[in-house]
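[1] Can you look at this prediction? I've put the sequence above it.
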Amino acid sequence: MFGRTPGRRAVYAPHAMAPWLDPEELRIGLGCMRLSTDPERDQARAFDTIRAAVEAGITVFDTARAYGLNDDDLGHNERWLSAALKECGAAPRARVVTKGGMRRPEGRWMPDGRGVAIRADCETSLEALGGLPIDLYLLHAPDPRTSWATSVRALATLLEAGLVRRIGLSNVNRRQLDEALELAPISAVEVSLSLLDDEPLRGGVVARCEERGLAVIAHSPLGGVSRAGALARDAALVEEATRLGATPHELALAALLDAHPSIVAIPGARRPETARSAARAARLRLDEPARARLRPRLAASSLAPRAPPAGAAVEVVMVMGLQGSGKSEAAEAWVARGYERLNRDARGGTLRDLKRALEEGLAERARPFVLDNTYVTRAQRRDVIEVAHARGVRVRGVWLEIPMAQAQVNVVLRMLEAHGRLLAPEELRRGKGPTSLSPNSLFRTARELEPPSEDEGFDALERIPFQRRLPAGGGAARLIACDAVLDAAGQPKPGAQAALASEQRDVKRLVFGWKPDADAEVLGRAVAALADTRFLHCPHPAGPPICWCRPPLPGLPLLFAREEGVDLSRSVLVGVGPAHRALAAALGCRYEESP
């Protein structure tokens, strides 16, 4: 068991002895995902690829329960890997890295960090691997709908139970890594890292791993399928590779390994020749000319940029927070004080474009700027801090704290203000900008979000607590969850009239709910037979929420309040459980449990 010393924060050392690999093992592994996720996958070719990797000296094989086409295909990659390793006699010395906590509904990637899901995934992976031990078991990705501590503790129990040899994390930021290190004996971290993607370096993940003796497993070490071709067109890379008798991709991998001794790269391969090329990269040694040209691309430090001199007169203000936290309103207050605003939604483009605009603006004439973008990660914020400090300009951080439920309310209010209605799922998929955000967009940001900290280089950092300011005025309403008055068959429940009754006079009523398989007209007639009330229904299918109208998301009550002139602070929400209670709290309503 992993104990804590009373009165002290527990910080665990890596479970495995460092380094993770023996000195004679290659620091290149085989990423096996595409052997199973490609629609035109081929078992014979996949087995030949794994055999070629084994013959070339590769011992690390990265797989996952989710590497398949959909939820019906879970474990496919693990089964193929196990069969191929056994067939070529490599099972005893292979290091199997696999992952759990991910589902594939209809081919989508959906994190599931519940403790019960992580335990079930691990046990199913052991079955799929057919007796091969799991050398390293990773949590596939943080799940924004599950407490991070819950997921990490569930991961630790796998080690306690002897199901796996080591545990680690995948696709995490520095904040998540630091929190996990207090809860479990983490041995490795897997992140996207390459010459084309240095965010784990700029965000401090690699530095923290090196400090704590953790292995860094670099997935997508050639930039991923969509960007790998760019390396073959990189002039410096091509020149140095030609001089060293290697391919640009081999040199890109070798440069990654050369820059940081804790890194193990796992390029994906679908063909035997690709696996053999990856193994050659592990044995390629950079000389000083190659190192001088390539290492600067992988040299980012997690240390804060050098601060400007004391008394610097000009400052850059970064207003940060989750979507819906009120950044635009806060930024306008700084604009009124003479600051020039740089905002991606207003100007178009990317955060890198804003960085260039800030560089040009400070070079042209030292003047104050305010940037009100989400700036989710330390790496994104570092770009702004470096630019400002290079010009002797202070950086003030303003962090707008907001609970997820309140951010959801604000996103819906902004949508209703701009469009006068709730956007349909297909509109949310196509939409761009702050008035057409989907629930998944907000969840995705929350999963990646790293609240700012003083050690990033801010000269001042303010944290502003959230305060709800819903539109005041209007009449009272009684908001009744559909499940409080109708049963699964759409028939009135015995306590329906009591749920609809109100002590308030002239109260407006709304029955709202989500019954995707029911006929909305039939439900509407059933509700109308009970009382004079409006009925709003979400018809969208089960699975991850694709709309804002499915409770407990706040779309339907907010739409009703806007259209009917309702003051939610004077209203009552009648529900049937914790989800409705949480919705009432987010809306500022009084909550009543259905009789």
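    It's in. Residues are numbered from 1 along each chain as shown.

[2] correct me, but residue 281 touches residue 248?
    No - with contact defined as Cβ atoms under 8 Å, residue 281 does not reach residue 248; the gap is 10.6 Å. (Glycine included, C-beta is placed from N, CA and C.)

[3] what number of residues lie near the nearest residue to residue 110 once chain neighbours are set aside?
    In space, and not counting its chain neighbours, residue 110 is closest to residue 103: 4.6 Å by Cβ to Cβ, 6 or more residues apart in numbering. Neighbour count of residue 103, defined by other Cβ atoms under 10 Å: 20.

[4] Domain parsing of the chain, as residue ranges.
    29-229+256-285, 315-464, 477-593 (automatic domain parsing).

[5] Just put these in TSV and tack on mean pLDDT.
    Listed next are the domains of the chain as TSV, based on pLDDT from 0 to 100:
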stretch	mean pLDDT
domain 29-229+256-285	96
domain 315-464	92
domain 477-593	90
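
[6] so of these, which one's packed in deepest?
    Highest mean neighbour count among the domains of the chain (mean count of other Cβ atoms under 10 Å): domain 29-229+256-285, with a mean of 20.

[7] on that earlier part again, tell me which of the domains of the chain sits nearest to residue 235.
    domain 29-229+256-285 (13.0 Å; Cβ to Cβ).

[8] Can you get me the start-to-end distance on that closest one?
    17 Å (Cα to Cα, to the nearest Å).

[9] ditto for stretch 177-192
    Note: stretch 177-192 ends 15 Å apart using Cα to Cα.

[10] quick one on the thing from earlier: in JSON lines: the domains of the chain, plus distance to residue 295.
    Listed next are the domains of the chain as JSON lines, based on distance: least, Cβ to Cβ, whole Å:
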{"stretch": "domain 29-229+256-285", "distance to residue 295": "5"}
{"stretch": "domain 315-464", "distance to residue 295": "18"}
{"stretch": "domain 477-593", "distance to residue 295": "41"}
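
[11] picking that back up, now the residue nearest to residue 110: phi and psi?
    phi -110, psi 170 (degrees, to the nearest 10).

[12] Repeat that for residue 30.
    phi -110, psi 120.

[13] With adjacent residues omitted, what lies nearest to it?
    residue 53 (4.4 Å).

[14] Regarding the one you found, what is its secondary structure?
    Three-state call for residue 53 (DSSP: H, G, I helix; E, B strand; the rest coil): helix.

[15] ok, back up a step: quick one: the residue nearest to residue 110 from residue 77, how far?
    Here residue 103 is placed at a distance of 15 Å from residue 77 (Cβ to Cβ, to the nearest Å).

[16] Validate this expectation: residue 511 resides in a strand.
    Yes - using three-state DSSP, the assignment for residue 511 is a strand.

[17] Please renumber the chain so that the first residue is 580 from this point on.
    Sure, I'll start numbering at 580, so the last one becomes residue 1090.

[18] Contacts only, for it.
    1059, 1060, 1061, 1064, 1079, 1106, 1112, 1113, 1114, 1115 (Cβ atoms under 8 Å, 6 or more residues apart in numbering).

[19] The same query, at a cut-off of 7 Å, please.
    1059, 1061, 1064, 1106, 1112, 1114 (Cβ atoms under 7 Å, 6 or more residues apart in numbering).
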